[in-house]
Every structure is written in C-alpha cells, then in structure tokens.
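Trainee: model this:
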Amino acid sequence: MKNADMKTSVPENILSKEVINRCVNLITVIPKISSHLISTRDIDCAINDALDDLGRATGASRTYLFLLRDEGSKMSNTHEWCADGVTPQINNLQNLPTDTFPWWMKKLQQKETIQITDVAQMPEEAKAERSILEQQDIKSLLVFAVFIKYKLGGFIGFDNVEARGSWSDSVVLLFQLFSEIIGSTIERAEIEQNLEIKEHAISSSVNAIGITDLKGNLTYVNSSFLKMWGYNDEKEVIGKSAVELWKSKDEANQVVNILRKKGYWVGELVAARKDGSTFDAQVSGSTVKDDGGKSICMIGSFIDVSEGKRAEKALRESEEKFRRMFQDVTDAITVTDMKGVITDVNERVLELHDYESKTEVLGKSAFELIAPCDHDKAVANMQKTIKHGSIKSVEYTLIRRNGSEFPGELSASVLRDSSGNPIGYIAITRDITERKRVETELRRLATTDVLTDVYNRRSGLLLFRQQLQLAQRNKQKLCVCYVDTDFLKTINDVYGHAEGDEVLKTISAIIKEVLRKIDIICRLGGDEFLLVFPQCAMKQAVYIWNRIDERINSFNAKETKPYSISLSRGFAEYDPANEKSADQLIMIADKEMYVHKHTKFQK
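Mentor: Numbers count the residues shown, from 1 in each chain. Got it, this is the predicted structure:
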C-alpha cells in the first residue's frame, strides 16, 4: 500500500512529484466534498463518502470521525473508511472516556494539530494514547479538532499502518480545511434538525398555535387551532385579524397592544368559534424577534380551559360539601400525611380528646392520640392500611389531653393523589366507652348468677372442666366441694322468699371473702353451690372450708337474724394417680354432702 503523502527517505524529486499529484487530487476532491455536504439531506452518508474520497486521494490507511458525547465525557468513532487490507476499528472505539486520554484532549481543546510521525516515539505523558494506537498497528497519524458551535465536538483523523513519517504542509492545510467543513456541516445539520423538530412540534401540538404579522393578521395556524375554533381549512382564517376570533374585541385589542409594547402576555379570554359559540381559552402570547432584536411577528398558544373551569367549579362545590360533612359528622375524623403527622381534624376530634382548638392538634403525631400500650398495634395497622387500602373497626385505647384513657374504635383508608400515589391517611374514630360498658355487663350477666353475683351453673361448670384439664395435663391435685343450704325452704315459708334470697347472697359473700383468687364458686341452682379448688389437696380444701364455717358461725353469733344459717358440704379430690371425670367428682362430692347433712341431723 502507498504511504499517505508523507515525507520519507524517497528521493526528493520523486517525493515532490508525488506530493504535487496528491495535492492536485485533494484540491479537486475538497470542493466536491464540500458541495456534497452542503446539498445533502443524508449527512452520515455524505461524511462516509468524504472520508472515502480523502482516504483514496491521500493514500491513507484509515480515515475516521470521532464525536464527543455526554457533555464531552465520552467519545465514539461514528464514521470510518479503511483501505483494502486494513482492519476496521469502529466497533472497538465506542464510548471511550475522554479523561483516559488527557494529552490528546488537551491538544484538541487548544486547536492544535496532532501530527505523530512515529507512534513508538510518543512522549511519556501520552502513554495511554500510545497504547491504544499501537493496539491498532498505527505507525503515524494526523488528527484535527472539529469544533461545533465554538466548542470541541470531536476530531477527524488519518492513520498510516505501514510507514512512519510526517505529512506535507499542503496536505495538513487541506485536511484542516476539511475539519472546518465537517464542523460546519454537523452544526448545520443540528440546526436543521432542531428546526424540523420545532416545526413538527408546532404543527402537531395539541395546543392551538397561531402566528400573526405585527398588525395582528394571521399568517399561520396549526390543525389544533382550526379544530378549536371550528374551522375546516386554514384558508378560512389566514389573513384574518386575530381580534375577530374573540368575544370581546376591546379586550383582544388590548392584548395585541400589550404584546407590541411588552413582548408577552399570559391570561384568559373568551373565544368566539366559527358557529358563534364561545369557550374559555388560556392564552400565552409573545413577539418573535430576529437576531438583531427586531420584532418580526407574534405567536400565541391557546388552550381550551372550559372543561377545566367546569371541573374546577364542580370540585369547589364538592370540596365545600365534603367540608360541611367533615365538620358536621358525629364521628371524629383525622387526616394525616404518610408519616402520621396530623394535617386536619374535625370538631369531634377536639371534643373526643379534650382539645380546645385545631392549632393544638395540627402538626402533632397521630400517635399522641393513642395510648402508648397500643403504639405497636397502630404501626402494624398503618402497614396493613397501605397494603390493603383500608382497615375497619380496630379497637384502640385512646388518650385525652389530660392523659386519661378511653376505649375507641378506628377505621382508616389511604388517601391518594390523582396519579394513585399514597399521600396520607384518613381515620374515623368513635368513643366506644358506653358500648364497652354494655358488653362487659352483658358478659357478666351471661356468666354470673344475678342473685348472688357468683358464676352461674353454665359458666362455673365450664371453668371447672378447664381447671380439671389443666390439672390432668400438669399432673396436679384438685378438689371440689358440693355445698347445700340447710333449711332454706323453711326460711322461705316462714319469712318469705325475699329473706331466702338474702340468705343465699350472704352465703355467697362469706364464701367469696374466704376463697383464694384462683378458687371458683358457682351457684348450681336453688340452694346448692359448687366450690372448685385448683392446685389443692384435700387437706388444704378442708382447711379453707373450716374458715368458711367459722365465718358462718360468727355471722350466726351476732343474732341479727331470727334464724341461723347452716351449710352441708361434701368433698371430692382429683388425684392424677386415680383419674376421674368432672361428673364423677361432682357425684362423689354430692354424696359426701348428703352424708354430712345426715350426720348433722342425727346429732
């Protein structure tokens, strides 16, 4: 392959002739390249053709163009021509960090021509550049900066993979000219592309766009403009005064005058369609000036905001309705952000938590309205609300300003913006103190004997069986005592049933005073009671009963009643070594009670 117009050891007369021939070729090629780059719409193809022509004209091994990317931080080989037998490198030279080649980039920034006669002899500070050039088997090269809009935009290069040496001054000069042509071509292409983009943006914009001369006569409208004003063809409006398109001609004239004086105007006007109907339009207008600052036309962008204004009115009415409901509803409503900070409350929240004004509550954490014992529950339920969208009827212990607590029930939902993103929570809270009181009373009535205030038969036997199962599991002893009230029928007959009821209440009260906390007493019915002693052997059960008996005797000794209270009792012990059922234990205790009663009567 021929050496690319380089000064080597060839005899001077031969070299001069070759140089002259190549210069003639370049002088012929450069105008052709320039003309092609100026007239073409396909810049990439024209650049490739130019590199081909230059490479062949100079006998270079490889000609190429690099462009900078990402604000100059990277560079890529975008175009390349290679002579026959020379390996293309374009695919290996993409997105190279420019800071890896500081020596190279500094020279380009300073608009220096990089002429390397022998790659192997490059200076130490250019070792990174030398390494990548040697990987491509480049012996010598010539590189020129390409400036686009007064900034370094890339570079063109001419490589030789066969010979070392310098390039002739004439070739350097012509290549310098080519780099300037390339920079101008790329800049022009970018300008044309931007103009095309802007033109397309205007013509295809969903906003109505209109351009007028300085007198206010329309010279251009896009399709959205025609549609918005109800026209079918631009011929119907081009040449018209823009003032005619508005309901109030005086207001429109004022806008035109402001545009001429100030150069811009933004606001709303009522537009008049072709058919006479009107709509509210948002207007953004400005004057367009040339490079010398002289006004050449006026341009306006128009948006039909009629639907938006109707929606805005409906939204205001809806917000007002919601606000009235928010304040008037009997439940407490709290609104928070995603962190649980209170942003709004209604009056009921203030009443419920004993605050005097909103300012005392707004900005507080919603956790300050919940008792500390339920804070963990509140955190867990916030996460559930995010996951499921809402939670319903969760019970909390709430707290008043003075620190007192009360039971509450809370339902919450996630608040979302128009895009569906969560922005906060809204919680509805109610005081359930009365409900809890009623529930407690109902539970008490369901489990308690109304007359004696001890467990009723159903609840007592259920608790007995649970304690028996526990004793069986833990292999512990348990005792039961069957109690019968002696002579209750006689008391009822002589003194009345009310007095008989008092006897049963007195017995229950005395027994409850003596029993341990874990012991159970229930009224089986009529004048009979069942006592259950968990974790208790017979000896201890008898000891407890003796204390009950002493209390009964003390009561009788006071002689406050015209009769004495007498009780008969029978014991049964559960022994893990000799298991018995609850019914068997009750039956044994019942028989023992009758034995005790019979023995007393015999005495």
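Trainee: any idea how far residue 405 is from residue 431?
Mentor: Applying C-beta to C-beta, to the nearest Å, the value for residue 431 to residue 405 is 11 Å. (Each C-beta comes from the backbone N, C-alpha and C, glycine too.)
Trainee: Now do the shared contacts for these two.
Mentor: Counting by C-beta atoms under 8 Å, 6 or more residues apart in numbering, the common neighbours of residue 431 and residue 405 are residue 398.
Trainee: With neighbour numbers in mind, choose between the two.
Mentor: Here residue 431 and residue 405 are compared on neighbour count by other C-beta atoms under 10 Å; more neighbours surround residue 431, at 18 against 15.
Trainee: How much space separates the more buried one from residue 349?
Mentor: In terms of C-beta to C-beta, residue 431 sits 11 Å off from residue 349.
Trainee: now residue 360
Mentor: To residue 349, residue 360 is 11 Å away according to C-beta to C-beta.
Trainee: swap in residue 231?
Mentor: 57 Å.
Trainee: for residue 192, same thing?
Mentor: With the distance defined as C-beta to C-beta, residue 192 ends up 64 Å from residue 349.
Trainee: quick one: which of these two has more around it?
Mentor: residue 349 (21 against 12).
Trainee: Quick one: residues contacting residue 485.
Mentor: Listed by C-beta under 8 Å, 6+ apart, the contact partners of residue 485 are 503-504, 507, 527-528, 565-567.
Trainee: my bad, should have said residue 514
Mentor: For residue 514, the contacting residues are 544, 547-548, 551, taking C-beta under 8 Å, 6+ apart as the criterion.
Trainee: Mind doing that once more with 6 Å?
Mentor: Contacts here follow C-beta atoms under 6 Å, 6 or more residues apart in numbering; on that basis residue 514 touches 547-548.
Trainee: Begin at 3, not 1, for the rest of this chat.
Mentor: Understood, numbering begins at 3; the last thing we discussed is residue 516.
Trainee: Strands of the stretch 403-552 of the chain, residue ranges please.
Mentor: Secondary structure of the stretch 403-552 of the chain by DSSP state E, counting those that start in this stretch: the strands cover 407-418, 424-433, 480-487, 522-527, 530-536.
Trainee: As CSV, the ones you listed with mean pLDDT would be great.
Mentor: As requested, the strands of the stretch 403-552 of the chain are exported to CSV (pLDDT from 0 to 100):
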stretch, mean pLDDT
strand 407-418, 91
strand 424-433, 90
strand 480-487, 97
strand 522-527, 94
strand 530-536, 97
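Trainee: of all those strands, which lies closest to residue 600?
Mentor: Checking those against residue 600 by C-beta to C-beta gives strand 480-487 as the closest, at 11.6 Å.
Trainee: Can you tell me the strand partners of that closest one and which way each runs?
Mentor: Strand 480-487 pairs in its sheet with strand 530-536 (antiparallel), strand 569-576 (antiparallel), by DSSP bridges.
Trainee: Please identify the most buried of these.
Mentor: Neighbour counts averaged per stretch over the strands paired with strand 480-487 are highest for strand 530-536, at a mean of 24; criterion: mean count of other C-beta atoms under 10 Å.
Trainee: That one vs strand 522-527, what angle?
Mentor: Between the axis of strand 530-536 and that of strand 522-527 there is an angle of 160 degrees, by axes from the mean of the first three to the mean of the last three C-alpha atoms, to 10 degrees.
Trainee: Contacts only, for residue 303.
Mentor: Contacts for residue 303 (C-beta under 6 Å, 6+ apart) come out as 209, 211, 286.
Trainee: repeat for residue 467
Mentor: With contacts defined as C-beta under 6 Å, 6+ apart, residue 467 is in contact with residue 584.
Trainee: Try it again at 10 Å.
Mentor: 534, 583-585 (C-beta atoms under 10 Å, 6 or more residues apart in numbering).
Trainee: Skipping adjacent residues, who's closest to residue 454 in space?
Mentor: Leaving aside its chain neighbours, residue 454 sits nearest to residue 510 (3.8 Å; criterion: C-beta to C-beta, 6 or more residues apart in numbering).
Trainee: distance of that neighbour from residue 157?
Mentor: Residue 510 is 106 Å from residue 157, where distance means C-beta to C-beta.
Trainee: ok, these two, which is more surrounded?
Mentor: Under the criterion of other C-beta under 10 Å, the comparison of residue 510 against residue 157 puts residue 157 first, with 23 against 19.
Trainee: Would you mark the buried spots in the strand or helix carrying that one?
Mentor: Using DSSP states H and E, residue 157 sits within strand 153-162. If you call a residue buried by 16 or more other C-beta atoms under 10 Å, then strand 153-162 has these buried ones: 154-162.
Trainee: centre of the chain versus whatever helix or strand comes next after that strand, how much separation?
Mentor: Sequence-wise, the next helix or strand beyond strand 153-162 is strand 168-169, with elements assigned using DSSP H and E. The chain centroid and the centroid of strand 168-169 are separated by 63 Å under C-alpha atoms, centre = their mean, to the nearest Å.
Trainee: Mind giving me the packing neighbours of strand 168-169?
Mentor: Packing contacts for strand 168-169, counted by 3 or more C-beta pairs under 10 Å, 6 or more residues apart in numbering; DSSP states H and E, involve strand 8-9, strand 116-118, strand 142-150.
Trainee: Compare those and give me the one nearest residue 45.
Mentor: Nearest of these to residue 45, taken as C-beta to C-beta: strand 142-150 at 12.5 Å.
Trainee: So which elements touch the closest one?
Mentor: strand 64-71, helix 104-111, strand 116-118, strand 153-162, strand 168-169, helix 171-206.
Trainee: Residues in contact with the third one: which ones?
Mentor: Contacting residues not belonging to strand 116-118 are listed as 105-106, 109-110, 124, 128, 131-132, 135, 140-147, 157, 159-162, 166, 168-169, 174, 177 [C-beta under 10 Å, 6+ apart].
Trainee: residue ranges with poor pLDDT in the protein?
Mentor: For the chain, the stretches flagged by pLDDT under 70 are 3-31, 196-206, 319-320, 322-330, 605.
Trainee: gap between the two ends of stretch 574-586?
Mentor: 9 Å (C-alpha to C-alpha, to the nearest Å).
Trainee: For that stretch, which residues meet the burial criterion?
Mentor: Of the residues in stretch 574-586, those buried by neighbour count under the rule 16+ other C-beta under 10 Å are 574-576, 584.
Trainee: nearest to residue 80, of those residues?
Mentor: Minimum separation from residue 80 among those (C-beta to C-beta) is found for residue 584, which lies at 94.2 Å.
Trainee: quick one: contacts for that closest one?
Mentor: Applying C-beta under 10 Å, 6+ apart to residue 584 gives the contacts 463, 466-471, 482, 534, 576.
Trainee: CA atoms of the host helix or strand of residue 81 as CSV?
Mentor: Assessed by DSSP H and E, residue 81 sits inside strand 76-84. The C-alpha trace of strand 76-84 is given here as CSV (Å, rounded to 0.1, in the frame of the first residue of the first chain):
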residue,chain,number,x,y,z
LYS,A,76,-17.1,10.2,26.3
MET,A,77,-16.1,9.9,22.6
SER,A,78,-17.1,7.4,19.9
ASN,A,79,-15.9,6.6,16.5
THR,A,80,-19.0,7.4,14.4
HIS,A,81,-17.7,7.2,10.8
GLU,A,82,-14.8,5.3,9.3
TRP,A,83,-13.2,4.4,5.9
CYS,A,84,-10.5,1.7,5.6
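Trainee: Tell me the strands beside that strand, with direction?
Mentor: For strand 76-84, sheet partners with direction are given as strand 64-71 (antiparallel), strand 98-99 (antiparallel), following DSSP bridges.
Trainee: want to throw those strands into TSV with distance to residue 32?
Mentor: TSV is the format used below for these (distance: least, C-beta to C-beta, whole Å):
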stretch	distance to residue 32
strand 64-71	14
strand 98-99	29
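Trainee: what's the closest of those to residue 307?
Mentor: Taking C-beta to C-beta, strand 64-71 is the member of the strands paired with strand 76-84 nearest to residue 307, at 41.4 Å.
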